[in-house]
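**Q** no sequence for this one, just the structure:
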């Protein structure tokens, strides 16, 4: 028996049928909306946590690079300890896959907890923090050392100089890289389906398991991810232009 290729009309009819089955029947589109909401929630909370960790680690490492030779006493010892801990953290987190970190957090460290959102946020926040730390450290090191000296000449201490002079300039320098980290983080959250969190990817898996149609749900979430990334890219571009305008 010879199978004839589908005509364009028949192909579009099949696509329409798959679309209705995957999104319209039983209000399955709500699964995708809820999944997108969870994906954005995990991404946003993880980004905040990652920024907080990353900035602290970046300041510790850049301070060690710039100040440890001139420091004396207990301050120098404490800085060396914190720098060592930071290096271990960066090595472990950047040297292991995010998937493995997620599984360890869910099945080992928080095995008694079923708060999957909390586990996901902690995992991605800690993971993102390692990359943000290196991004921010490069931004801090790129700021001219004369800026630090200028702050000191105005009577600022090291902390206030970093807070009011160095960090704002470093942030402007690394904004494009931070934007890329946000986009990467948003896409990486798709693996939380492995621990049962009903994100966007899990919604597509659930729909596929009911309808036995893989094409439409997975192509659908690919389009959703792409649209969100395009929106984020546009917003980041607007922010960068405003910051450049503010400099002038």
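**A** Looks like it came in fine. Given the structure is predicted, the values throughout are model-derived calculations rather than measurements.
**Q** Could you list every helix and strand in contact with the longest helix along the chain?
**A** Across the chain, the longest stretch assigned as helix under DSSP state H is helix 29-67. Other helices and strands packing on helix 29-67, by 3 or more CB pairs under 8 Å, 6 or more residues apart in numbering; DSSP states H and E, are helix 74-95, helix 116-142, helix 167-188, helix 200-211, helix 215-247. In this view, the C-beta of every residue, glycine as well, is placed from N, C-alpha and C.
**Q** Of all those, which one is nearest residue 150?
**A** Nearest of the helices and strands packed on helix 29-67 to residue 150, taken as CB to CB: helix 167-188 at 11.4 Å.
**Q** Look up which helix or strand the closest residue to residue 191 other than its chain neighbours falls in, please.
**A** In space, and not counting its chain neighbours, residue 191 is closest to residue 99: 5.3 Å by CB to CB, 6 or more residues apart in numbering. Using DSSP states H and E, residue 99 falls within helix 98-104.
**Q** who touches that helix?
**A** Applying CB atoms under 8 Å, 6 or more residues apart in numbering, the external contacts of helix 98-104 come out as 93, 119-120, 123-124, 126-127, 188, 191-192, 194-195.
**Q** Pull out the buried positions in that helix.
**A** 98, 101-102 (16 or more other CB atoms under 10 Å).
**Q** want to throw those residues into JSON lines with distance to residue 59?
**A** Output for the buried residues of helix 98-104, formatted as JSON lines (distance: CB to CB, whole Å):
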{"residue": "98", "distance to residue 59": "24"}
{"residue": "101", "distance to residue 59": "24"}
{"residue": "102", "distance to residue 59": "27"}
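**Q** about what we covered before: next, report how far the longest helix of the chain is displaced from the centre of its chain.
**A** 5 Å (CA atoms, centre = their mean, to the nearest Å).
**Q** With stretch 14-22 instead?
**A** With CA atoms, centre = their mean as the basis, stretch 14-22 stands 33 Å off its chain's centre.
**Q** if we can go back for a sec, quick one, which of the helices and strands packed on helix 29-67 is nearest to residue 55?
**A** When those are compared by CB to CB, helix 116-142 sits nearest residue 55, at 5.7 Å.
**Q** in stretch 162-169, what's buried?
**A** For stretch 162-169, the neighbour count (16+ other CB under 10 Å) marks 162, 165-167, 169 as buried.
**Q** do stretch 78-96 as well
**A** So, applying 16+ other CB under 10 Å, buried residues of stretch 78-96: 79, 82-83, 86, 89-90, 93.
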